[in-house]
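Trainee: Please find the sequence and the predicted model below.
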Amino acid sequence: MRKTTRRFANLAAAGGLVLFAACSDSGSPTGPGGSGEISAAEAAAISDFMVGQAFTGWDFGSIGGSSVQADRQAALQSGVPIAIDYTASAEGPCPEGGTVAATVSVEGSIDDQTLAGDLDLEVVTSATSCGIVAEGTGFTIDTSPDLTLTGGFSFADGQLVGESTLTYAGAILWSSEDGRSGSCTYDVVVTLTASSTAVASGTACGTSL
């Protein structure tokens, strides 16, 4: 059981790192609308911050730990897979004022004997008047709609079966201290294979991946 959930934790983190690295990719400056443009470097810095919030502070390794041990003996006796229902949320201050919040949930079931099963992940990140500094300029960010990361994983004998897909979607409204403002969207797909390779595609705040 722990082997499978550790595997899930590693895959979820790997997907997050791919998103983080992909959103850091600098490209041509993008003008997503509003009264000004945001540079590719600024967009990448904002993306790095927002994507990072989805994987900061969560103990994915605790999934399938003490919270489900009470159900384990009953599952062993009945042969029914252990149900996983893990939810946590947190809110904190942004570096330059405002708040950022995230909620993570993992649902599914794992057979404690065969280590086979399915797990679904969702992480929702929201920003409210969230202030950060990107490339030396102050920005205020609001999610609209919230940024949502979702993915599904299937296991057999504790190992990932086939391909898994993570999606990251949503949009932000931004304004800068030098008078610019606008919005940009995220529509990213990350495909993870059983060998832990990952490929990202889509767009992140105007940058093609």
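Mentor: Done, it's in. Residues are numbered from 1 along each chain as shown.
Trainee: okay, residue 194: pLDDT?
Mentor: pLDDT for residue 194: 70.
Trainee: Would you quantify the distance from it to residue 106?
Mentor: Applying CB to CB, to the nearest Å, the value for residue 194 to residue 106 is 20 Å. From N, CA and C alone the C-beta is placed, and that goes for glycine too.
Trainee: neighbour-wise, which of these two wins?
Mentor: Set residue 194 next to residue 106 and count neighbours by other CB atoms under 10 Å: residue 106 wins out with 23 against 15.
Trainee: ok, for that one, nearest residue in space, not its chain neighbours?
Mentor: Closest residue to residue 106 apart from its sequence neighbours, by CB to CB, 6 or more residues apart in numbering: residue 86 at 4.3 Å.
Trainee: What strand or helix carries that neighbour?
Mentor: Per DSSP states H and E: residue 86 is located in strand 82-93.
Trainee: Residue 185 now?
Mentor: strand 181-192.
Trainee: Likewise for residue 51?
Mentor: In this structure, residue 51 sits in helix 40-53 according to DSSP H and E.
Trainee: Looks like residue 125 contacts residue 47 (just checking).
Mentor: No: in this structure, residue 125 is not within contact of residue 47 by CB atoms under 8 Å, at 11.6 Å.
Trainee: Just checking, which helix or strand of this protein averages the lowest pLDDT?
Mentor: helix 66-78 (a mean of 53; mean pLDDT, DSSP states H and E).
Trainee: Thought residue 191 was touching residue 163, still the case?
Mentor: Yes: Residue 163 lies in contact with residue 191 (CB under 8 Å); the separation is 5.6 Å.
Trainee: higher neighbour count, those two?
Mentor: The residue with more neighbours, out of residue 163 and residue 191, is residue 191; 15 against 12, by other CB under 10 Å.
Trainee: Any regions of this protein where pLDDT drops low?
Mentor: 1-36, 55-80 (pLDDT under 70).
Trainee: Tell me which stretches of this structure form strands.
Mentor: For the chain, the strands defined by DSSP state E occupy 82-93, 99-110, 117-128, 130-134, 137-143, 147-156, 159-160, 164-176, 181-192, 198-204, 207-208.
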